[in-house]
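Peer 1: need a 3D model of the sequence below.
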Amino acid sequence: MKQLFINLPVDDVEKSMQLYLAMGFSLNPLFTDKQQKCVIWSDTIYVMIQSKAFSNRHLNKTHTDPRQTLTSSHTLPVATDTLVNEIVENALKAGAKEPLPPLHESFMYLRTIEDLDGYIWGIMHLNIDQFK
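Peer 2: The predicted structure follows:
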């Protein structure tokens with residue numbers, strides 16, 4: 001099986017977990033402890049919310065601040081425009097920011113959030129039928 005685990009070093013593991021749960025992720029207790037929380041978007045997409053000390057225990061690299069430095073961003077596709085709005089509104093209530101206005105194209109609706117640590121997530125509905 002092909003899976004993607006995205007590791008995010010964060011300032012506050014518990015607060016970050018609450019934000020991701022509000023967005024619709026679910027908690028996976030198998031990979032969860034005090035230093036990291038595993039939240040699942042789908043059978044193939046996992047986000048590992050890790051304390052900065054835990055995430056850097058083997059590499060010993062300098063952490064960048066995603067609030068100040070461009071890092072990778074991630075986009076989560078969803079089934080409808082309504083679901084895009086629901087997820088983003090829940091994230092905003094949990095402390096996320098919306099750094100860009102929504103983008104509504106004929107084939108795509110995209111809203112962008114910045115989580116508590118500055119990581120960027122796009123929540124997108126893509127109308128695949130327009131490409132058939």
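Peer 1: for residue 89, helix, strand, or coil?
Peer 2: Classification of residue 89 into helix, strand or coil gives helix, according to DSSP: H, G, I helix; E, B strand; the rest coil.
Peer 1: buried residues, the host helix or strand of residue 84. List them.
Peer 2: Assigned by DSSP states H and E, residue 84 belongs to helix 81-93. Applying a neighbour-count criterion of 16 or more other C-beta atoms under 10 Å, one finds 81, 84-85, 87-88, 90-91 buried in helix 81-93. Placement of C-beta: from N, CA and C, glycine included.
Peer 1: just give the nearest non-adjacent residue to residue 120, would you?
Peer 2: The shortest distance from residue 120 to any non-neighbouring residue, by C-beta to C-beta, 6 or more residues apart in numbering, is to residue 73 (3.8 Å).
Peer 1: check residue 96 too.
Peer 2: Nearest non-adjacent residue to residue 96 (C-beta to C-beta, 6+ apart): residue 113, at 4.4 Å.
Peer 1: re earlier: who are the neighbours in contact with the residue nearest to residue 120?
Peer 2: Residues near residue 73 by C-beta atoms under 8 Å, 6 or more residues apart in numbering: 119-122.
Peer 1: just the buried ones among those residues, please.
Peer 2: Burial of the contacts of residue 73 was assessed by neighbour count (16+ other C-beta under 10 Å); the buried members are 119-122.
Peer 1: of the residues you listed, which is the nearest to residue 45?
Peer 2: Distance ranking of those against residue 45, using C-beta to C-beta, places residue 121 first at 11.5 Å.
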